[in-house]
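Participant: Generate a structure from the sequence data that follows.
(chains A and B)
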Amino acid sequence: MSHAAPRRKPIPPARVDLRVRIGTLELKNPILTASGTFGYGDEYAHVVDLSTLGGVVTKTVTVKPRAGNAPTRIAETPGGMLNSIGLENVGLARFRDEKLPRLRVLKATVIASVGGETPEELETLLRALGREKGVGAFEVNFSCPNVAAGGARYWADPERLERTLARLKPLTDRPLIAKLSPDVTDIRETARACERGGADALTAVNTFVGLAIDLDAMRSRLGKATGGLSGPAVKPLALARCWEAAHAVRIPVLGSGGIASGRDALEFVAAGATAVQVGTATFVEPEAATRVLEEMREWLGAHGHARVTELIGAFRAEHAQEHAPATLAVEERS
Amino acid sequence: MSTPQRTWRQVAAKVRAHREYGAGFHWLDLEVPTGFAAPVAGQFVQLLLDFPSPVLLPRPMSVASASRRGGRLRIGFLYAPVGSGTRALAKLAVGDTVHVTGPLGRGYPLAERGTPVLVAGGRGVAPLLMAADVIAKSRRRCEFVFGARTASLLVGHAEARERLARNGSRLHVATDDGSRGFRGNVVQLLDKLAGKLEPPLVIHACGPHGMLAAVARWAMANGARAHLAMESVMACGTGVCRGCPLPRSNEARDRVLAEGAAAAALKGNPEWAMCCTDGPVFESRELDWERVE
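Facilitator: Take a look at the predicted model:
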């Protein structure tokens, strides 16, 4: 049976209300740049007006600077790319003293991505940055697949996530967004653990662990064996994880994974995401986030949606009893 | 606090010429719209095919010529269709659209004082054809050392000879098998020529990394400066993805650490230089050639 939505009268795209809310932070629209794909924001400032985006999620910052992994760090695979950067970043001090002041000038809504090998390191970061002017929210990177310690595997433990977020929460008055790995048996468990710990939102998902082998050399095409897969190849996988996570929690979810068009973005919104992040597409097209935003606005206008929030979670599985994680989540909670 | 000036743009360019260049190589001429800055020799661009492209990421490609015709900027590329990206590029026809991001990276400092010696290995000749043009336009001479495994791989050899002869510059050829010119590699030929040239020598080179390492070592041992155009797999090409690291030398590492916060924003990594923004052209003392792959 078809469930075609009733046709609505188109409205001018400029009149579509794109504002969304992530905890106490209002975003002017739901399009953000994904961490690690937009530098510290200012690298693209001459081609993208950062103030028009919903937000800029910065490259993950750690307490100490990190030099990153040995080459090779990038390998293209069909429809996607593997990366093994290893959290190269300038470290807390330079982030606070050099990068943040520039972002303030550019009037971007800044979401600072922070990463740590231990809960204590994350506490150090939040203590230093938690009340810093010009940071709208924090995204805690619980899901880097490319570091020896403190990566996706370490943070896949729901109890550890819950405990850690509970310790971070009092250190800032800004929203805390937990970025989750897709490489877990059940993302609903990590999602709920973050919510219990006090996360204000989730990002679903980080890259998927992947491997590409150079058969002639019989070695990985990356310097390390595995890397994180991103790009259009992961979109259906990421969308499913996002859908599961969004229906397992009451807090907003930011969708991420292979988004390269307005329609891609709206699929994540329909699956339950309040906002989305554009990542790998920016490497292909530096102005990708801006285009995704305009395409989203056009689609919503053409389909008569006055507000993007009307579409959040609009997708309902036809066979909800069999498949929908939403039903399960509600039962377990009640 | 100095902010690095960024001038690159992504634009839609038109294919104006595309032809076989011999030895399996192609020459591609693109016309870019106004607003696209003219590249300097040694810089590169990211080429992206129109949808549907068989590959996701744009491909970094060194610029082999830049000229203005009727106010329009034309950029030329010399390439061999060897991978999935360049094979797709080879199918482009005149009039097709290609997306170009650039100009990217740092090129050769051709104005540096000294006797310019251009050293090309195989298809590494591309940016040096452009460098030779620029040197000729500034009414200076250069020595052009061109090496390949065998004569048939001396891509653009005839054109290079003709261009160089116009302003009294000289072409010196080396082949590993002796099928043309000097039998041996470019470093052996360079060593033979050096004594006859007015010091200081300023070498500008491009070719396989093994050759560039040998040129760099020769330069450091012989009191010459050498600027080497490196290659890497890349994703963004603009410095944000941090995907194209090259190992810094101890000297460069110490300098980066000493500069600390005063260093330019993207050069703060003491361990690794990024090929795309710190390079692709590096002076010999910047990199650790033992660890260059």
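
Participant: Could you pull out the helices in chain B for me?
Facilitator: For chain B, helices defined by DSSP state H occupy the ranges B:84-89, B:125-137, B:157-165, B:186-194, B:209-221, B:250-259.

Participant: who touches the fifth one?
Facilitator: If you take Cβ atoms under 8 Å, 6 or more residues apart in numbering or on different chains as the criterion, helix B:209-221 is touched by B:119, B:121, B:124, B:147, B:185-187, B:190-191, B:201, B:203, B:205-206, B:224-226, B:228-231, B:284-285, B:287, B:289, B:292-293. Using the backbone N, CA and C atoms, a C-beta is placed for each residue, glycine as well.

Participant: rerun at 7 Å
Facilitator: B:119, B:121, B:186-187, B:190-191, B:203, B:205, B:225-226, B:228, B:230, B:284-285, B:289, B:292-293 (Cβ atoms under 7 Å, 6 or more residues apart in numbering or on different chains).

Participant: what does the third one give?
Facilitator: With Cβ under 7 Å, 6+ apart as the contact definition, helix B:157-165 has outside contacts at B:125, B:129, B:132-133, B:144, B:146, B:170-171.

Participant: 10 Å instead?
Facilitator: Residues outside helix B:157-165 that contact it (Cβ atoms under 10 Å, 6 or more residues apart in numbering or on different chains) are B:21-23, B:27, B:78, B:118, B:120, B:125, B:128-129, B:132-133, B:135-136, B:141-144, B:146, B:148, B:151, B:154, B:156, B:169-171, B:173, B:180-181.

Participant: What subset of these is buried?
Facilitator: The neighbour count (16 or more other Cβ atoms under 10 Å in any protein chain shown) marks B:21-23, B:27, B:78, B:118, B:120, B:125, B:128-129, B:132-133, B:135-136, B:142-144, B:146, B:148, B:154, B:156, B:169, B:171, B:173, B:180-181 as buried among the contacts of helix B:157-165.

Participant: can you list the weak-confidence ranges in the stretch 151-293 of chain B?
Facilitator: Within the stretch 151-293 of chain B, the stretches with pLDDT under 70 are B:260-268.

Participant: Look up how far chain A lies from B:T7.
Facilitator: 8 Å (Cβ to the nearest Cβ, to the nearest Å).

Participant: Excluding chain neighbours, what is closest to that residue?
Facilitator: B:A37 (4.5 Å; Cβ to Cβ, 6 or more residues apart in numbering or on different chains).

Participant: Next: A:E76.
Facilitator: Using Cβ to Cβ, 6+ apart, the nearest residue to A:E76 is B:L57, at 5.3 Å.

Participant: In terms of pLDDT, where does that neighbour sit?
Facilitator: pLDDT, B:L57: 96.

Participant: swap in the one 5 residues further on?
Facilitator: The pLDDT attached to B:S62 in the predicted structure is 97.

Participant: which residues does it bridge with?
Facilitator: With DSSP bridges as the criterion, B:S62 is bridged to B:F44.

Participant: one step back: looking at the contacts of helix B:157-165, which are in strands?
Facilitator: Counting by DSSP state E, these place B:21-22, B:27, B:78, B:118, B:120, B:143-144, B:146, B:148, B:170-171, B:173 in strands.

Participant: and A:D49, how many neighbours?
Facilitator: Counted with other Cβ atoms under 10 Å in any protein chain shown, the neighbours of A:D49 add up to 14.

Participant: Next, it: phi, psi?
Facilitator: Here is the backbone geometry of A:D49 (degrees, to the nearest 10): phi -80, psi 100.

Participant: cool, and A:S51?
Facilitator: According to degrees, to the nearest 10, A:S51 has phi -70, psi -10.

Participant: Quick check: closest non-adjacent residue to B:A216.
Facilitator: Of all residues not flanking B:A216 in the chain, B:S284 sits nearest, at 3.7 Å (Cβ to Cβ, 6+ apart).

Participant: okay, now the one you found: neighbour count?
Facilitator: 23.

Participant: what's the answer for B:F44, then?
Facilitator: 29.

Participant: Also A:R250?
Facilitator: For A:R250, using other Cβ under 10 Å, the count is 9.

Participant: which residues does the residue nearest to A:E76 contact?
Facilitator: A:74, A:76, A:80-81, A:231, A:280, A:283-284, B:46, B:48, B:85, B:233-237, B:241, B:243.

Participant: redo that, cut-off 8 Å
Facilitator: So B:L57 contacts A:76, A:81, A:283-284, B:85, B:234-235 (Cβ under 8 Å, 6+ apart).

Participant: Can you tell me which of these has the most neighbours?
Facilitator: Neighbour-wise, the contacts of B:L57 (other Cβ under 10 Å) top out at B:A235, 30 neighbours.

Participant: Quick check: phi and psi at it.
Facilitator: phi -100, psi -70.

Participant: Settle this for me: it is touching B:C241, isn't it.
Facilitator: Yes. Counting by Cβ atoms under 8 Å, B:A235 touches B:C241, with 4.3 Å between them.

Participant: joint contacts of those two?
Facilitator: A:74, A:83, A:283.

Participant: what does the stretch 201-334 of chain A put close to chain B?
Facilitator: Residues of the stretch 201-334 of chain A found near chain B (Cβ under 8 Å from any Cβ of the partner chain) are A:231-232, A:280, A:282-287.

Participant: on that earlier part again, okay, and which of the shared contacts of B:A235 and B:C241 map to strands?
Facilitator: A:74, A:83.

Participant: just curious, which of the shared contacts of B:A235 and B:C241 is nearest to A:K59?
Facilitator: Nearest to A:K59 among the shared contacts of B:A235 and B:C241 is A:N83, at 12.5 Å by Cβ to Cβ.

Participant: Now do the same contact list for the closest one.
Facilitator: A:36, A:73-74, A:146, A:207, A:227-228, A:230, B:235, B:241, B:243 are the contacts of A:N83 under Cβ under 8 Å, 6+ apart.

Participant: Kindly report the same for A:P158.
Facilitator: By Cβ under 8 Å, 6+ apart, the residues touching A:P158 are A:189-190, A:192-193.

Participant: Tell me, what's the model's pLDDT at the closest residue to chain B within the stretch 151-300 of chain A?
Facilitator: Distances between the stretch 151-300 of chain A and chain B by Cβ to the nearest Cβ are smallest at A:F283, namely 4.3 Å. Note on A:F283: pLDDT of 97.

Participant: One more: A:G150?
Facilitator: 85.

Participant: Touching, it and A:E121? I think so.
Facilitator: Yes. Between A:G150 and A:E121 there is a contact under Cβ under 8 Å: 7.4 Å.
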